[in-house]
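Model the structure of this input:
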Amino acid sequence: MSRRAFALTAAILFVLSWIFPIVAGLVKDPTRLPRWWGTVDVAVAFMVAVGACAIPGLAHENVDKKAEQTTYRIYRSSLHAILAVGILVMLAGDRINWANCATGFLWRTWLLLYILPWWLVAAGRPEIGRLDAGW
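Alright, predicted model coming up:
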């Protein structure tokens, strides 16, 4: 499997893994979820973690200044998500079961941001936006 195919597969698994904390946060009674739900959640989370551990190994030597600048730009943009989550917490309040979903959101977000420069290189997309935009 090529580096790019591996990176894209990992990205698809990552996006699919977000379904589990979203559903866990939105259901009123998590015990009503099917029995297999937890098993599939853990299996997908394990595959995401394995993929995330492999991606830096695939692209470690190739992270250049362009990939670093793109990563920085994405980090700066993603800071707005913290404000958006704060607004979501205030507006959604008790309609979301935060205890069931916050941990899942936090580790997935941390992992995504941690491997981002390597993932960009492995996926073959080291440039997002203009590099001379002057951050």
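
rest of the way, CA atoms for contacts and neighbours
OK.

Tell me the spacing between the residue nearest the centre of the chain and L106.
What sits nearest the mean C-alpha location of the chain, by C-alpha atoms, centre = their mean, is L112, with 4.0 Å. Relative to L106, L112 is positioned 10 Å away (C-alpha to C-alpha, to the nearest Å).

Give me the buried stretch members for the helix or strand where V48 lies, please.
Per DSSP states H and E: V48 is located in helix 36-59. For helix 36-59, the neighbour count (16 or more other C-alpha atoms under 10 Å) marks D41, V44, A45, V48, A49, G51, A52, A54, I55, P56, L58, A59 as buried.

Also stretch 8-24?
In terms of neighbour count (16+ other C-alpha under 10 Å), stretch 8-24 has its buried residues at L8, A10, A11, L13, F14, S17, W18, F20, P21, I22, V23, A24.

Compute the distance between the fifth one and T39, please.
F14 sits 16 Å away from T39, taking C-alpha to C-alpha as the criterion.

next one: the second one
In this structure, A10 and T39 are separated by 19 Å, where distance is defined by C-alpha to C-alpha.

Contacts only, for L116.
Counting by C-alpha atoms under 8 Å, 6 or more residues apart in numbering, L116 makes contact with T71.

So what's the gap between the lengthiest helix in the chain and the chain middle?
In the chain, assigned by DSSP state H, the helix with the most residues is helix 65-92. Computed by C-alpha atoms, centre = their mean, to the nearest Å, the chain-centroid distance of helix 65-92 equals 12 Å.

With stretch 106-125 instead?
7 Å.

if we can go back for a sec, which SSE is the residue nearest to the centre of the chain in?
Assessed by DSSP H and E, L112 sits inside helix 98-123.

by how many degrees do that helix and helix 36-59 diverge?
Counting by axes from the mean of the first three to the mean of the last three C-alpha atoms, to 10 degrees, helix 98-123 lies at 30 degrees to helix 36-59.

got the angle between helix 98-123 and helix 65-92?
Orientation of helix 98-123 against helix 65-92 (the same axes, to 10 degrees) gives an angle of 160 degrees.
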